[in-house]
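J.: Fold the following for me, if possible:
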Amino acid sequence: MEKTQIANNLQKVSHQLKENTTVVVVTKTRTHQEVEEAIEGGALTIGENRVQEAEKKFNQIKKINKVEKRLIGPLQSNKVKRAIKTFDVIDTVGTVRLAKKISEEAKKINKKQRVLLQINSTEIKERNGFSFEEESKILECFMLKNIKIEGFMTMGPNTQNKQTIKRAFLRTAELYKKINNKKQNQMTTLSMGMSGDFFEGELAGSNMVRIGTAIFGPRK
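T.: Residues are numbered from 1 along each chain as shown. Have a look, this model is predicted:
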């Protein structure tokens, strides 16, 4: 079968990355047909931003059980129950309160929910995530019984300045190492970098990137 443009783009992106880097194919706003093309083209992990959109879309995708499903957008506490049933991993846990809520809801269905803790590397207070100074709050999340913290995720600063982005990623990587040393290397994932800054993410130690536009093209 002839390869589609989406499959070709996915292959092109994969060739630019280190061998051990996981590509989260960002499928938000994409049709279920486009997602199916990505899965046929070799996508193993997909990321959606909204619980409601994901629920509807996943029901239409034939091979949805062949891929790992990650929530990469902000999660409201009233959608936690649905998110746990829909996603394998929640990548955007940025407060102790949300971590507790996820653990409570996961316990009800006898699940240990896989999560990433989101770090606010921009230091803009309005952004989601733990600040670099909130080490004690980050460590508090490890005490919760029904979540499994697999690593950290951050979104780089919204700037064209590569040095600013690199600095934010390096600080996140340093915090990751520091916390991981305290927790006997329980974490294995450092998710930093998207279509525009995955190169800086990898240089700083990222082993997971979130790519949408470079695979699907600009959003319609």
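
J.: where does the chain have low pLDDT?
T.: Within the chain, the set of residues satisfying pLDDT under 70 comprises 1-2.

J.: how about the helices in the protein?
T.: 5-16, 32-40, 51-58, 80-86, 96-108, 135-141, 162-182, 198-203, 213-216 (DSSP state H).

J.: hey, C-alpha coordinates of the fourth one in CSV?
T.: It refers to helix 80-86. What follows is helix 80-86, C-alpha atoms only, in CSV (Å, rounded to 0.1, in the frame of the first residue of the first chain):
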residue,chain,number,x,y,z
VAL,A,80,-11.0,13.6,36.0
LYS,A,81,-13.3,10.5,36.2
ARG,A,82,-13.8,10.5,32.4
ALA,A,83,-10.1,11.2,31.7
ILE,A,84,-9.1,8.1,33.8
LYS,A,85,-11.4,5.9,31.7
THR,A,86,-10.3,7.4,28.4
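
J.: In that helix, which of the residues would be classed as buried?
T.: For helix 80-86, the neighbour count (16 or more other CB atoms under 10 Å) marks Val80, Lys81, Ala83, Ile84, Thr86 as buried. Just so you know, the C-beta spots here come from the backbone N, C-alpha and C atoms, and that holds for glycine as well.

J.: What is the linear distance spanned by stretch 74-92 between its boundary residues?
T.: From its first residue to its last, stretch 74-92 covers 6 Å (CA to CA, to the nearest Å).

J.: who touches that stretch?
T.: Defining contact as CB atoms under 8 Å, 6 or more residues apart in numbering, one finds that stretch 74-92 is touched by 24, 47-48, 51-52, 54-55, 58, 68-73, 93-94, 97-98, 101-102, 105-106, 109, 111, 113-116, 118, 128, 150, 153, 191.

J.: ChimeraX command to pick out the buried ones of those?
T.: A single ChimeraX command is used to select the members of the contacts of stretch 74-92 judged buried by 16+ other CB under 10 Å:
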select :24,47,48,51,54,58,69,70,71,72,73,93,94,98,101,102,105,106,111,113,114,115,116,118,128,150,153,191
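
J.: tally of neighbours for the closest residue to Ile119 other than its chain neighbours?
T.: Nearest non-adjacent residue to Ile119, counting by CB to CB, 6 or more residues apart in numbering: Thr154, 4.5 Å away. Residue neighbour count, defined by other CB atoms under 10 Å, stands at 29 for Thr154.

J.: what separates Gly129 from Gly151, distance-wise?
T.: Using CB to CB, to the nearest Å, we find Gly129 at a distance of 13 Å from Gly151.

J.: just to revisit the earlier point, so which of the helices of the chain comes closest to Ile64?
T.: Proximity to Ile64 (CB to CB) singles out helix 51-58 among these, at 4.9 Å.
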